[in-house]
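1. this is the structure alone, sequence omitted:
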C-alpha cells in the first residue's frame, strides 16, 4: 500500500486534526500553568521580602538603628534567610541598609537606587559563573535618613518555568509521534477495508455477480456497510435474474400469439376470403392483438408496482371492506360459472396500503380460483387477525397446484401443466405477488386438502 494513500486517508486527517487540537490545548494549558506558577512564586518572594523588612523594623523600634543592623546581619548569617515561607522554598536573601546619601551601613549589596514598590535589579555574576543575577526586591524607609532594600534571587523561579516548559515539550513531542503513528495505523486499516470493498465492486462490475464483501463479524460500521452493500448486490442480482427470465419468457410467450396472428394474415393474403369472411378474420386478428396488449399492459403494471412509487400514497385501508366489495362483485360471476362463493371476514382489519392495488391483488386471486376450478367447486374468502398480522385467504377445493409448482407460479408467464390450456398469459399471480411485496406482505400458496389456499399476510396498521 503506497504511503501517500495513507496520508490522504480520512482517518489520518482526523488523527492529524486531533493532534493539532491537542497541541493547541496543550499550549493554552502551558500558558495558564506558567502564569499561575510565576504569580505564585513571585508572591512567595515578595512575602519573604516583606517578612525580612518587618523583622528589621521590629528591631529598629525596639533599640534603634544599631539593633536593626544587628538583626539584618543575623538574618544574613543564619539559614533563616534561605528557609521556606508558607512551606515553599525561598532563595537566599540580599539585604542592605543604606543612607540616602549613598553610604551603605550594613548588608551584602552595594548601594541600591530604589525604584517602585517591587522592582528588579541585575547583579554581576559570582566567581566561576557566567550569568548575571536578577533580584526581585523592594525598598522601605527605616528612619528619615536611612532605608532598607530586601530582595530574592529569581533564578529558581525561572528554572521552574524551564522545567515546566521542558516537560510539556516532551509531552507535545510524544503526542505528535503517537498521533502520526496512530494515524498511519488507522489509515492503513481504513485503506485496507476500502480496498476490499473497491475490489469486490470492480469484480462485480466485471461480471462476477456472486462476489460479496467479506465481513469481520464485529457488527461495527464496516460490517453494517458491507451488509448493506451485499444486500444491494443481492437485490441487483435478483433483478438481473428476473430480467433475464422475463426476457426469455417474453420471447417464448409472445411467439405463439404473434405466430398465430401472422399465419392468419398470411392465409388471408394467400387465399383471400369472401367479403362475408373478412369480419371473422379481422376479429381473430384483433383478438390476438388484444392479447398482446393485455400482456404488455400487465408487464408495465408489474414494473410500476415494483418501482415502489405508489408507497407515498399509502393510507389506512380496511381489508374487510375491500373483500366485502369483491365478494359482492364476483358473487354473480361465480354463480354463472357454477361455483359456490362464500366469505368469513373479521371486521375492522386495518392495514396501510393502496386500496386500488389491494383490490387488484384479491381480484386476481378470486379470478384465478374461478377460472381454474371445475363447476360445483366451493371458493371461500377469509380474513383473520393472527399474532399481529392480517391474514387474507382465498381458498378453493379444486384440483390445486402441484407442490413443485407452488414456488414458480408467481413468476411472470409461468403456467403449470394443468393450466396451460386455460385462458390467460401467466401474469395474474405475478402481479399479485408484486402488490403483496410492495405492501410488505407475504404471499403463500398452501395445500387446502383438497384444493389450494392462497394466503396474504399483512402487518396490521396500529
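-> Received it, and whenever you're ready, just let me know what you need. These numbers were taken from a predicted model, which means no experiment stands behind them. Numbers count the residues shown, from 1 in each chain.

2. what does the pLDDT read for residue 148?
-> As predicted, residue 148 sits at a pLDDT of 90.

3. my error: substitute residue 259 in the last question.
-> 78.

4. that one in helix, strand or coil?
-> Secondary structure state of residue 259, per DSSP: H, G, I helix; E, B strand; the rest coil, is helix.

5. neighbours around it, how many?
-> When neighbours are defined as other CB atoms under 10 Å, residue 259 has 11 of them. C-beta coordinates here come from the backbone N, C-alpha and C atoms, glycine included.

6. and if you look at residue 359?
-> Residue 359: 17 neighbours (other CB under 10 Å).

7. select the longest helix from the protein.
-> If you go by DSSP state H, the chain has its longest helix at helix 10-63.

8. what is that helix packed up against?
-> helix 65-77, strand 93-99, strand 133-141, strand 146-153, helix 155-205 (3 or more CB pairs under 8 Å, 6 or more residues apart in numbering; DSSP states H and E).

9. surely residue 287 is within a strand?
-> No. The assignment for residue 287, made by three-state DSSP, is helix rather than a strand.

10. look up the pLDDT of it for me, please.
-> At residue 287, pLDDT is 76.

11. burial of the closest residue to residue 409 other than its chain neighbours, as a residue count?
-> Spatially, and ignoring its direct neighbours in sequence, residue 409 is nearest to residue 429 (5.2 Å; CB to CB, 6 or more residues apart in numbering). Neighbour count for residue 429, taken as other CB under 10 Å: 24.

12. ok, and for the host helix or strand of residue 429, which residues are buried?
-> Using DSSP states H and E, residue 429 falls within helix 428-438. By neighbour count with 16 or more other CB atoms under 10 Å, helix 428-438 contains the buried residues 428, 429, 430, 431, 432, 433, 434, 435, 436, 438.

13. from those, pick the one nearest residue 346.
-> residue 436 (18.9 Å; CB to CB).

14. okay, the residue nearest to residue 409: pLDDT?
-> 80.

15. still on that earlier bit, what helices and strands are in contact with the helix holding residue 429?
-> Counting by 3+ CB pairs under 8 Å, 6+ apart, helix 428-438 packs on helix 278-307, helix 355-371, strand 442-447, strand 452-459.

16. what angle separates that helix from strand 452-459?
-> 20 degrees (axes from the mean of the first three to the mean of the last three CA atoms, to 10 degrees).

17. off-centre distance for helix 428-438?
-> 34 Å (CA atoms, centre = their mean, to the nearest Å).

18. next one: stretch 375-386
-> On CA atoms, centre = their mean, the centre of stretch 375-386 falls 47 Å from the chain's centre.

19. pull out the buried positions in that stretch.
-> 377, 378, 379, 380, 381, 382, 383.

20. relative to residue 215, which of those is nearest.
-> Of these, the one sitting nearest to residue 215 (CB to CB) turns out to be residue 383, at 41.6 Å.

21. shaky segments in the stretch 201-350 of the chain?
-> Within the stretch 201-350 of the chain, the stretches with pLDDT under 70 are 242-243, 245-254, 256, 273-277, 291, 294-310.

22. can you give me the strands for it?
-> Applying DSSP state E, counting those that start in this stretch to the stretch 201-350 of the chain gives strands spanning 315-318, 340-345, 350-353.

23. the second one versus helix 355-371: what angle between them?
-> With the same axes, to 10 degrees defining the directions, strand 340-345 sits at 140 degrees from helix 355-371.

24. run the chain-centre distance for the longest helix of the chain.
-> Remark: helix 10-63 is offset 45 Å from the chain centroid, using CA atoms, centre = their mean.

25. give the contact list for residue 100.
-> Applying CB atoms under 8 Å, 6 or more residues apart in numbering to residue 100 gives the contacts 145, 146, 147.

26. just the buried residues from those residues, in PyMOL please.
-> Buried subset of the contacts of residue 100, written as a PyMOL selection, criterion 16+ other CB under 10 Å:
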select buried, resi 146+147
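
27. can you lay out the contacts of residue 100 as a markdown table showing distance to residue 73?
-> Output for these, formatted as a markdown table (distance: CB to CB, whole Å):
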| residue | distance to residue 73 |
| --- | --- |
| 145 | 20 |
| 146 | 15 |
| 147 | 17 |
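
28. how close does residue 261 get to residue 287?
-> Distance from residue 261 to residue 287, counting by CB to CB, to the nearest Å: 9 Å.

29. higher neighbour count, these two?
-> residue 261 (18 against 14).

30. ok, that one touching residue 289?
-> Yes. At 7.0 Å, residue 261 counts as touching residue 289 under the criterion of CB atoms under 8 Å.

31. circling back: give me the angle between the longest helix of the chain and strand 133-141.
-> Calculated by the same axes, to 10 degrees, helix 10-63 forms an angle of 40 degrees with strand 133-141.

32. residue 323: how many residues sit nearby?
-> By other CB under 10 Å, neighbour count at residue 323 equals 24.

33. contact partners for it?
-> For residue 323, the contact set (CB under 8 Å, 6+ apart) comprises 343, 345, 362, 381, 383, 392.

34. need the contact list for the residue nearest to residue 409.
-> Residue 429 neighbours (CB under 8 Å, 6+ apart): 364, 365, 368, 409, 410.

35. now residue 94: how far from residue 138?
-> Residue 94 is 11 Å from residue 138, by CB to CB.

36. one step back: buried only: go through the contacts of residue 429 for me.
-> 364, 365, 368, 409, 410.

37. do you know which of the strands of the stretch 201-350 of the chain lies nearest residue 267?
-> Per CB to CB, nearest to residue 267 of the strands of the stretch 201-350 of the chain: strand 340-345, 42.2 Å.

38. direction included, what does that closest one pair up with?
-> Strand pairing for strand 340-345, determined by DSSP bridges: strand 378-386 (parallel).

39. what's the average pLDDT for the partner strand?
-> Over the span of strand 378-386, the pLDDT mean works out to 91.

40. name the strands paired with whichever helix or strand comes after it and say parallel or antiparallel.
-> Per DSSP H and E, the first helix or strand lying C-terminal to strand 378-386 is strand 389-396. Strand 389-396 has its sheet partners listed here by DSSP bridges as strand 378-386 (antiparallel), strand 452-459 (antiparallel).

41. how deep is residue 160 tucked in, by neighbour count?
-> Neighbour tally, residue 160, other CB under 10 Å: 15.

42. neighbours of the closest residue to residue 237 other than its chain neighbours, just the number please.
-> Distances taken as CB to CB, 6+ apart put residue 209 closest to residue 237, at 4.9 Å, once the chain neighbours are dropped. For residue 209, the neighbour count with other CB under 10 Å is 15.
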